[in-house]
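A.B. asks: Okay, sequence plus prediction incoming.
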Amino acid sequence: MVFFSVVIPLYNKATYIENTIKSVLSQTFTDYEIIVINDASIDESEALVRKLNDNRIQIFNQKNQGVSVARNLGIEKSTGKLVAFLDADDYWFPNHLEELANLYHSFPDCGIYCSRYKIKTAKNHFQTPYYHGVEQSFRGIVKDYFASNMPFRLTWTSSLAIPKQILETFRGFTPGITNGQDLELWTKIGIQFPIAITNNITAIYNNDIPESLAKKNIGSMALIDFEQFKIAEQEIPSLKKFLDLYRIEYGFKYYVSGYKEKSSFYFKEVDKQNITSKIRFLMKLSPFALRFLFKSNRILKKWGINFSVYH
């Protein structure tokens with residue numbers, strides 16, 4: 001048994017996958033295996049992985065079923081005590097696994113172990129996330145995970161590790177969901193277990209990718225079911241506020257795409273006290289105006305200027 005199983009879902013990432021895996025092979029903490037799940041790539045992705053020729057790398061092929069099924073297969077094939085996820089276009093600094101291993105030994109009863117990360121918003125432009133109530137120097141168990149998981153996500157998939165036993169308890173990711181599958185699982189775990197975070201940046205989230213799944217039209221996506229969290233939201237106010245941000249996001253995306261009924265479905269579930277004056281203003285704009293605003297935001301990101309319309 002190894003300490004870490006590194007699970008990498010792979011689908012048509014020939015441009016990135018070699019550097020991504022090399023960032024794992026450069027880790028200072030070496031007790032790990034790499035499990036690549038090739039989700040029926042049609043480019044050179046698989047060939048590039050095999051070219052690396054390292055006995056710590058295992059490749060499993062599946063028919064194209066999406067990232068949730070791919071990650072679940074990776075979890076099934078893993079032998080590590082902890083499973084660390086890495087998307088095929090992201091990057092780890094050499095100290096990533098060492099930081100997470102040290103965090104686990106310091107706080108062995110947590111559900112998720114998180115490292116800090118940078119977001120690549122454009123070429124040569126990076127953004128450093130910050131979290132409500134969590135100082136940059138803080139290392140330890142987060143007091144209120146859902147309150148601190150704003151305005152940026154504290155649990156980002158490529159910067160965390162989870163005990164395999166916990167992943168098996170929650171049966172991994174929900175197959176069929178094409179947006180928010182990670183949000184759903186981290187929320188389930190965060191309700192029942194404490195979350196720990198390091199105080200060092202060890203990873204880069206590559207958000208400068210035109211074909212990213214997150215940028216596809218919402219009409220083609222299958223979203224998470226918020227109904228499953230209704231009881232927990234009544235008991236944890238910060239969870240309600242956190243999930244309402246995503247209800248608002250989905251509501252806006254459906255609205256600008258012309259799905260008024262689906263947009264109303266999400267907006268009506270939002271607690272009124274969680275609707276800020278900025279959001280109220282945006283809700284009064286036409287779909288055309290909102291599309292222009294969101295497009296302008298994407299253009300500004302290319303110049304290293306990034307802002308959120310929700311905070």
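C.D. replies: Now that the structure is in, tell me what you want to look at.
A.B. asks: When you work out contacts or count neighbours from here on, use the C-alpha atoms and nothing else.
C.D. replies: OK.
A.B. asks: Phi and psi next, for Y117.
C.D. replies: phi -150, psi 170 (degrees, to the nearest 10).
A.B. asks: thought it was touching T198?
C.D. replies: No - taking Cα atoms under 8 Å as the contact criterion, Y117 and T198 are not neighbours in contact, 10.1 Å apart.
A.B. asks: all strands of this protein, in order?
C.D. replies: Taking DSSP state E as the test, the strands found in the chain are 4-10, 32-38, 57-61, 82-85, 91-92, 112-122, 125-127, 140-141, 160-163, 195-206.
A.B. asks: Can you flag the weakest of these by average pLDDT?
C.D. replies: Within these, confidence is poorest for strand 125-127, with a mean of 88 (mean pLDDT).
A.B. asks: Tell me, how many residues neighbour R280?
C.D. replies: 10 (other Cα atoms under 10 Å).
A.B. asks: List the buried residues in the longest helix seen in the chain.
C.D. replies: Ranked by residue count and defined by DSSP state H, the top helix of the chain is helix 237-256. Buried residues in helix 237-256, counted by 16 or more other Cα atoms under 10 Å: 238-256.
A.B. asks: about what we covered before: adding mean neighbour count and distance to I279, write the strands of the chain out as JSON lines.
C.D. replies: Putting the strands of the chain into JSON lines (neighbours: other Cα atoms under 10 Å; distance: least, Cα to Cα, whole Å) gives the following:
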{"stretch": "strand 4-10", "mean neighbour count": "26", "distance to I279": "35"}
{"stretch": "strand 32-38", "mean neighbour count": "24", "distance to I279": "40"}
{"stretch": "strand 57-61", "mean neighbour count": "16", "distance to I279": "44"}
{"stretch": "strand 82-85", "mean neighbour count": "26", "distance to I279": "33"}
{"stretch": "strand 91-92", "mean neighbour count": "25", "distance to I279": "34"}
{"stretch": "strand 112-122", "mean neighbour count": "23", "distance to I279": "23"}
{"stretch": "strand 125-127", "mean neighbour count": "17", "distance to I279": "23"}
{"stretch": "strand 140-141", "mean neighbour count": "18", "distance to I279": "31"}
{"stretch": "strand 160-163", "mean neighbour count": "24", "distance to I279": "31"}
{"stretch": "strand 195-206", "mean neighbour count": "22", "distance to I279": "27"}
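A.B. asks: Out of those, which is closest to S277?
C.D. replies: strand 125-127 (25.4 Å; Cα to Cα).
A.B. asks: helices and strands around the closest one, which ones?
C.D. replies: Where contact means 3 or more Cα pairs under 8 Å, 6 or more residues apart in numbering; DSSP states H and E, strand 125-127 is packed against strand 112-122.
A.B. asks: Which elements pack onto the strand it packs on?
C.D. replies: Here strand 112-122 is seen to pack against helix 96-106, strand 125-127, strand 160-163, strand 195-206, helix 287-302 when contacts are counted using 3+ Cα pairs under 8 Å, 6+ apart.
A.B. asks: Just checking: what are the partner strands of the second one?
C.D. replies: Using DSSP bridges, the neighbouring strands of strand 125-127 in the sheet come out as strand 112-122 (antiparallel).
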